[in-house]
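1. Just to be clear, the model below is a prediction. Sequence and coordinates:
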Amino acid sequence: MSNNTAGLWQTGISREEVFRQLAEVQFDEVKGHWSRAFRPPLDVQEVGATAYRTFLSDNGLFSLRTDYIREVEEQVVGMCLGLFHSPPDAAGTFTSGGSESNYSALHAIREWARERFPRLTRPRIVVPYSAHPTFSKGCHYFGLTLERVPLRSDRRADVAAMAAAIDVNTVALVGSAPCWSFGVIDPIAELGELAVHKGLWLHVDACVGGYLAPFVEALGHALPPWDFRVPGVQSISADLHKYGYCPKPASTVLWRSAELKRFHIVHPDDWPGGPYRMQGFAGSRSAGPIFAAWAVMRYLGREGYLRLTRELLEVRVRLMDEIRAIPGLNPLDSDLPPIAFGSQTLDMQIVMGELRKRGWILVGASQPPLINLPLDPAANERVLNSFLADLRQAASKAAAQVGARSELDY
């Protein structure tokens, strides 16, 4: 593909040439797998993709104005609310992803705080160190102050430390279910008690595991309570394009009541067009993700999600055992995927670098150094075997450098 950056070409090229050039830059299907997560099996992908293409050009802006979009969007939100032990008057908002969902919650918190604590000029949010960076970014956007609090030794939120961080300006707390870096669920029940006692809003960031946890529990695996079963939880963010297996971009922010959702809704009317009504932040947006989410959820149903969850957990156990068998590597215990692994003896930057040399696109954590694997049902034998083979070589390279340093020290 040409590197011409001078601007728009004078003449176009053929349809065939367009796709030929795109094929040149398309990344390897195996080595790029983890960067394309979270994907379901091919049949589910095709259902979502077909619905997406069918309604790609329909404008989701009109979901409040046209019955055919509004009804489908409401059905999607209703299916989602049914998974979170929601009270009868709960509500939800379909969004573009976890960032928008978390921003939506922060925006609602700010507006709620202005009504509840009108004398505050800089409302404050207390979060654990492991909370997603969208909370830092969102607080910057909305004029909120963020306080990150160190974690417990098990990498979960330290409720006592968060309680100690609360001051007269604090209006909300955040917990994760689970956090991205470590896959552990914060003690949401304890945070809920603290929020109720202090009169604060508690938001749960379940973007990673929100649409996986209900089915993990249904299969008999005990998880700490984290959803609307916990008094004090006022809002939950959860990504449909992760373990809901819907095409990107698709997420939700769910509200304990329609009254709380009200704090996020703004319908300006100070222009010639009259009230500018929309569900959340986004104006014009493709309705494709809405219909694709509906299609995937209706296609899978509870039985389909349970089947995919069972298969995912089996692969997770196998992959963690394989990683644990590699000298020097240690997968972290977690409540839910993604898988995170590190080392007490190997330089994980070397391990990551070696994997990147072999073509893998990966993300990780720096404190402590970890590699995260967003395991999904599309991770077939070819992907898993190829990754494990390269991981063994990468770990061996890192171990050799440890040995070389030891000889030099000697």
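-> Okay, I see it. Numbers count the residues shown, from 1 in each chain.

2. For the rest of this, base every contact and every neighbour count on C-alpha atoms.
-> Fine.

3. can you give me the strands in the stretch 251-400 of the chain?
-> Ranges of strands within the stretch 251-400 of the chain are 251-255, 330-331, 339-342, 363-366, 369-373, based on DSSP state E, counting those that start in this stretch.

4. most packed of these?
-> strand 251-255 (a mean of 29; mean count of other Cα atoms under 10 Å).

5. mind giving me the domain ranges of the chain?
-> Domain assignment for the chain by automatic domain parsing gives 46-297, 302-409.

6. Nearest to residue 26 among those domains would be which one?
-> Taking Cα to Cα, domain 302-409 is the member of the domains of the chain nearest to residue 26, at 12.9 Å.

7. most packed of the domains of the chain?
-> domain 46-297 (a mean of 20).

8. before we move on, back to that, comparing the domains of the chain by mean pLDDT, which bottoms out?
-> Here the domains of the chain differ in mean pLDDT, and the lowest is domain 302-409 at a mean of 92.

9. got TSV for the domains of the chain, with distance to residue 18 too?
-> Shown next, in TSV, are these (distance: least, Cα to Cα, whole Å):
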stretch	distance to residue 18
domain 46-297	19
domain 302-409	25
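
10. Mind checking these for the one nearest to residue 21?
-> Short answer: domain 302-409, nearest of the domains of the chain by Cα to Cα, at 20.4 Å.

11. quick check, distance from that closest one to the centre of its chain.
-> Centroid separation for domain 302-409 versus its chain: 20 Å, with Cα atoms, centre = their mean, to the nearest Å.

12. From what I see, residue 156 and residue 191 are in contact.
-> No - assessed by Cα atoms under 8 Å, residue 156 is found out of contact with residue 191, at 11.5 Å.

13. what sits in contact with each of those two?
-> Common neighbours of residue 156 and residue 191 (criterion: Cα atoms under 8 Å, 6 or more residues apart in numbering): none identified.

14. Now do the helices in the stretch 51-200 of the chain.
-> For the stretch 51-200 of the chain, helices defined by DSSP state H, counting those that start in this stretch occupy the ranges 67-81, 98-116, 134-142, 159-165, 188-198.

15. closest to residue 349 out of the ones you listed?
-> The nearest among the helices of the stretch 51-200 of the chain, by Cα to Cα, is helix 134-142 at 24.9 Å.

16. could you check the angle helix 98-116 makes with the closest one?
-> Interaxial angle of helix 134-142 relative to helix 98-116 (axes from the mean of the first three to the mean of the last three Cα atoms, to 10 degrees): 50 degrees.

17. other SSEs contacting helix 134-142?
-> Counting contacts by 3 or more Cα pairs under 8 Å, 6 or more residues apart in numbering; DSSP states H and E, helix 134-142 packs against helix 98-116, strand 145-149.

18. Skipping adjacent residues, who's closest to residue 134 in space?
-> Nearest non-adjacent residue to residue 134, counting by Cα to Cα, 6 or more residues apart in numbering: residue 99, 5.8 Å away.

19. I'd say the one you found and residue 133 touch.
-> No - counting by Cα under 8 Å, residue 99 does not reach residue 133; the two are 9.0 Å apart.

20. how close does residue 287 get to residue 244?
-> As judged by Cα to Cα, to the nearest Å, residue 287 and residue 244 stand 17 Å apart.

21. repeat for residue 140
-> In terms of Cα to Cα, residue 140 sits 29 Å off from residue 244.

22. now swap in residue 196 and tell me
-> Distance from residue 196 to residue 244, by Cα to Cα: 30 Å.

23. got it, and residue 96?
-> 14 Å.

24. same question, residue 226
-> According to Cα to Cα, residue 226 stands 18 Å off from residue 244.

25. and if you look at residue 220?
-> Counting by Cα to Cα - residue 220 and residue 244 are separated by 19 Å.

26. Check residue 327 too.
-> Counting by Cα to Cα - residue 327 and residue 244 are separated by 35 Å.

27. Likewise for residue 366?
-> 28 Å.

28. tell me the contacts of residue 152?
-> By Cα under 8 Å, 6+ apart, residue 152 lies in contact with residue 158.

29. For it, give its distance to residue 205.
-> 18 Å.

30. same thing with residue 318?
-> From residue 318 across to residue 205, the span is 28 Å (Cα to Cα).

31. Next: residue 227.
-> 10 Å.

32. list residues touching both of these two?
-> Common neighbours of residue 227 and residue 205 (Cα under 8 Å, 6+ apart) are residue 236.

33. what about the helices in the stretch 201-350 of the chain?
-> 213-218, 258-261, 288-324, 348-357.
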